[in-house]
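Novice: Sequence and predicted structure, then a few things I'm wondering about:
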Amino acid sequence: MFQRRLGLETPHKSKRSVHPIAILTDFGNRDPYVGMMKGVMVSISAEALLVDISHEIEPQNLIQARYYLAASYRYFPRGTIFLCVVDPGVGTSRKAVCLKTKDHYFVGPDNGIFGFLQGRGVVVREIENPRFQLLSRKIFSTFHGRDIFAPAAAVLARDGMHAFRRMGRRVRIIKTLDYPHVKKTKDCLKGEILFFDHFGNAITNIMAGDYEQPKRKESCVFVRRRCIGPIQRCYGDGVKGLMAFWNSTGSLEIAKPGGSAKKTGSLLVGDPIMVRF
């Protein structure tokens, strides 16, 4: 068994609590990739609790992966390991990293998806110790999720800080994404559509915190320079066409109750969104 070659044998009865592993990928659910990763993890740590955040990130969409991770991690218990594999640069010189914050660990490629953690007292180590990799099989340059990240996450789940210290050398700087910023003026907020969710709702980069600055109740939301009305409270407010409201993650969302905003408005990623006061 490969856990023996790693020197990471799992005892029959663990005396320590095993931290949960939350998984975020763009692998989808049709192919066996997620299942392979889970097989590796339970082989190393049989008691590991595996939680799926999502496997339906749009292929190679780092902005969406960053958004979902930033929106989700606060709802998990202390000690959770976030295994995030959206990795268009797999096999290149990009680093494999493990990050530790005050309450959580993050494992995945250093390609910007963890950039929002920069400056929050995060400690970063490169995953370079071969004892934390899948040594019983060849490491494939196209599947580091299974061969590097999954083993590292499983050992972290079982051994915590002891494993983190042995991952590899400290990394001082991690990459960040060119995340679209909201433009603020006295009379309006200007943002854009980042991506669409499963329902066809448009998720924008305008946050509720951006809206608080003017502290004005009267407003009109413009989508592609067309006013769709004021910011509503929820889906059921009775609007027939496109509508805007603050979603559960604090972002301004454009929706079509009972339908798809993407299809109804022929919307695209990058389309301009404006809130005018």
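Specialist: Great, that's in hand.
Novice: C-alpha from now on. contacts and neighbour counts both.
Specialist: Noted.
Novice: which stretches of the stretch 1-150 of the chain form helices?
Specialist: Secondary structure of the stretch 1-150 of the chain (DSSP state H, counting those that start in this stretch): helices located at 2-5, 33-44, 62-72, 144, 150-159.
Novice: Now those in a markdown table, please, with extra columns for mean neighbour count.
Specialist: Compiled in a markdown table, those are given as follows (neighbours: other Cα atoms under 10 Å):
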| stretch | mean neighbour count |
| --- | --- |
| helix 2-5 | 16 |
| helix 33-44 | 19 |
| helix 62-72 | 19 |
| helix 144 | 22 |
| helix 150-159 | 27 |
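Novice: out of the ones you listed, nearest to residue 241?
Specialist: Evaluated over these, closeness to residue 241 peaks at helix 62-72, with 25.5 Å, by Cα to Cα.
Novice: circling back to that earlier point, any chance of the helices of the stretch 1-150 of the chain in JSON lines, plus mean pLDDT and distance to residue 196?
Specialist: Putting those into JSON lines (pLDDT from 0 to 100; distance: least, Cα to Cα, whole Å) gives the following:
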{"stretch": "helix 2-5", "mean pLDDT": "46", "distance to residue 196": "40"}
{"stretch": "helix 33-44", "mean pLDDT": "95", "distance to residue 196": "23"}
{"stretch": "helix 62-72", "mean pLDDT": "96", "distance to residue 196": "9"}
{"stretch": "helix 144", "mean pLDDT": "95", "distance to residue 196": "27"}
{"stretch": "helix 150-159", "mean pLDDT": "94", "distance to residue 196": "28"}
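Novice: mind checking which of those helices is nearest residue 247?
Specialist: Within the helices of the stretch 1-150 of the chain, the stretch nearest residue 247 is helix 62-72; the backing value is 11.2 Å (Cα to Cα).
Novice: how much distance is there from the closest one to the middle of the chain?
Specialist: Relative to the centre of its chain, helix 62-72 is centred 3 Å away, using Cα atoms, centre = their mean, to the nearest Å.
Novice: Then stretch 127-145?
Specialist: Chain-centre distance of stretch 127-145: 22 Å, with Cα atoms, centre = their mean.
Novice: Over to stretch 245-259?
Specialist: Between the mean C-alpha point of stretch 245-259 and the mean C-alpha point of its chain there is a distance of 19 Å (Cα atoms, centre = their mean).
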